[in-house]
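K.L.:
Need coordinates for the following:
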Amino acid sequence: MERKLAKRGNMNDRMDIALNKFRSRMTSYPPGMCPLVLYRSILQMSMNQSCGKCVPCRDGLVEAERMLRDILNGDATEDTPEKLKALCTMISESADCAVGVVAANTVLHSLTEFADEYESHIKQKRCVGDTQQTVPCMTLCPAHVDVPGYVALVKNGDYAGAINMIRDRNPFPTACAMVCEHPCEKKCRRSIIDHPINIRGLKKYAVDQITADQVKTPPANVATGKTVGVVGGGPSGLTAAYFLALMGHKVVVYDEHEKLGGMLRYGIPEYRLPKARLDEDIRAILSAGDIEVKMNTKIGRDITVEELREKYDAVYLGLGAQLGNRMPVENANAKNVIPAADFLQAVARGEEIDLKGKHVALIGGGNVAMDAARTAVRLGAETVRVFTRKRDDYTALASEIDSAEQEGVRFRTLVSFLNLEQDKEDPERISALWLQPEIVGEYDEFGFVKTEHSSAFPYRVKCDYLIMGVGQRCDVADFDAAGIPTERGRILADETCRIKDVDGVFSGGDCVTGPSTAINAIAAGQVAAHNIDEYLGYHHKIVCEAQAPGAKPNRCVPTGRAEIEERDPFERRQDFRHVEIPMTPEEAVREAGRCLRCDHFGCGSMEGGRCAW
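P.N.:
Just a heads-up that it's a prediction; the model follows:
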């Protein structure tokens, strides 16, 4: 029998092209959709993958899909979920291959994870709440900024308008343009065509054309006579102060540092966020109304929580998680061992840290760890090596990891930390760390891979300086002593930023959630400001003077995404100058023109709360 090589451009090759295009539909699945519709879609895809040889997969998945359809149509009975569970359990245990097993397990997961949706569809014949599609970028932005609106303003060249539209929900347009993790891009519908809009890039282009402090803030409301004390001059505290001042309240901000900005100033390196640019946002915020600032003031040392409560009509605690964690191991307090957050703050304060010719090791894979690694490179370290136990531990932005690699940072995964070796000549220092190779195993209930020790021998890594990027915590001891409820180093507050059983005191940001992102802290400050305003007996509205241009249909022609380029890695690793290269006007206009204006097109609600498909 004559043998042949696979013909180029055969059916399978062409199907791969089609599947790559289809994959983007899954990643851009719109927020607000009924989860049972999603699971039914997954089940239908699994049915199409079945080879038809075994009955559980061939016929069982069809029956399971019929049951899900009845539930969505409102035709199911109260015993349908139990029947569906029994059927999928049988399929999972008896199907011949992974197609049936995984499909059945997926439905079983939905029965547990979305039990409330099943109950609502069967008893109320509708989704839980008013389920409807929402604009992805606005929904996924924690501060719910009108993204399509300011992108359209950038396209029209109205940069002041774009900044004002951002500031309607987020008074840090410049800082977020530099360092935001842009969750708004995660489900951008442009992915269906090609790639998400470069939303952060367009925001940066706007603030590069006109600085935030040159754009007048909205007029403040008439003075209310109410006073609010804000603890913390970081993104959360200053956001709360900004909106409360615009509402007409007098705000006094307390911060223990010499300058405002919190972790934006003391936790993010200069090469990512130039502090002169951060000051543009801060000057604009302080110009918004009656805001007084008291620096070098620490709660518990210079003023107590009780004094704050007596002095002000309301208090907002917007502290950051500025204390770096150390691993609970011997020699962790050695002179040449430092938490990543402490290391970055020391550099930001201008302290001399000489790493020239030193071998630096770093444990951890988050954004703070990447900032510390890239900072160590700029301080002249001969080698910088990052160690993590699992690939899941790399929670930093992929772009940050790529940039670190380009600048010479080395990465090693699948190693667990054993111990720190004490320096024989100087007992107050360490000279090396010992690591144990790992192998991957099963996934846990959260979808993270487990590891176990490999049979390979442990190995020694010479280390002149060890940075521990293993998380941060908030200094809540004085608040706890004052009766503010805390748990595991966090202040206990609900989604409205109210602290239970403590009248008039609100809290949000990292001191409530633990270490998070700037935009999450900003969102907390915004929510707190509006709820404090309600607590004080008002219902003020912040007026946005910018108006989004009218929407025009997009031709949906696949177009390349304009990326923010960085300076040459061999050049930028030598200094702390800002690494990003501004977009050109042509790039910005073209990138803004890729927006599909989902605020006007394609996000209709589901009529009557019923699932439309």
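K.L.:
ok, residue 228 - contacts?
P.N.:
240-241, 244, 249-252, 312-316, 532, 536 (C-beta atoms under 8 Å, 6 or more residues apart in numbering). For every residue, glycine as well, the C-beta is placed using N, CA and C.
K.L.:
and with 7 Å instead?
P.N.:
Neighbouring residues of residue 228 by C-beta atoms under 7 Å, 6 or more residues apart in numbering: 244, 249, 251, 312-314, 316, 532.
K.L.:
Partner strands of the helix or strand containing it and their direction?
P.N.:
Element membership of residue 228, judged by DSSP states H and E, is strand 227-231. Strand pairing for strand 227-231, using DSSP bridges, gives strand 250-254 (parallel), strand 314-317 (parallel).
K.L.:
Return the set of buried residues in the last one.
P.N.:
It stands for strand 314-317. Using 16 or more other C-beta atoms under 10 Å as the test for burial, strand 314-317 gives 314-317.
K.L.:
helix or strand right after the strand holding residue 228?
P.N.:
helix 235-246.
K.L.:
Put the alpha carbons of that next one into PDB.
P.N.:
Extracted C-alpha coordinates of helix 235-246, given in PDB (Å, rounded to 0.1, in the frame of the first residue of the first chain):
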ATOM      1  CA  PRO A 235      -5.100  55.200  46.300                       C
ATOM      2  CA  SER A 236      -8.000  54.100  48.500                       C
ATOM      3  CA  GLY A 237      -7.900  56.900  51.000                       C
ATOM      4  CA  LEU A 238      -7.300  59.700  48.400                       C
ATOM      5  CA  THR A 239     -10.100  58.300  46.200                       C
ATOM      6  CA  ALA A 240     -12.500  58.500  49.200                       C
ATOM      7  CA  ALA A 241     -11.200  62.000  50.000                       C
ATOM      8  CA  TYR A 242     -11.600  63.200  46.400                       C
ATOM      9  CA  PHE A 243     -15.300  62.200  46.100                       C
ATOM     10  CA  LEU A 244     -16.200  63.300  49.600                       C
ATOM     11  CA  ALA A 245     -14.700  66.700  48.900                       C
ATOM     12  CA  LEU A 246     -16.600  67.000  45.700                       C
END
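K.L.:
by how many degrees do it and strand 227-231 diverge?
P.N.:
Angle, helix 235-246 to strand 227-231, by axes from the mean of the first three to the mean of the last three C-alpha atoms, to 10 degrees: 170 degrees.
K.L.:
Give me the contact list for helix 235-246.
P.N.:
With C-beta under 7 Å, 6+ apart, helix 235-246 has contacts from 171-172, 218, 220-221, 228, 230-231, 251, 253, 260, 262, 264, 282, 285, 288-291, 316, 318, 508-509, 518, 521-522, 524-526, 528-529, 532-533, 542.
K.L.:
Among these, name the ones in helices.
P.N.:
264, 282, 285, 518, 521-522, 524-526, 528-529, 532-533 (DSSP state H).
K.L.:
pLDDT weak spots in the chain?
P.N.:
Residues of the chain meeting the criterion pLDDT under 70: 130, 603-613.
K.L.:
Output the ones in helices among the contacts of helix 235-246 in CSV; the columns should cover distance to residue 154 and neighbour count.
P.N.:
Formatted as CSV, the ones in helices among the contacts of helix 235-246 follow (distance: C-beta to C-beta, whole Å; neighbours: other C-beta atoms under 10 Å):
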residue, distance to residue 154, neighbour count
264, 23, 25
282, 23, 25
285, 22, 25
518, 21, 29
521, 25, 33
522, 20, 30
524, 27, 31
525, 25, 32
526, 22, 26
528, 29, 32
529, 27, 29
532, 32, 28
533, 31, 25
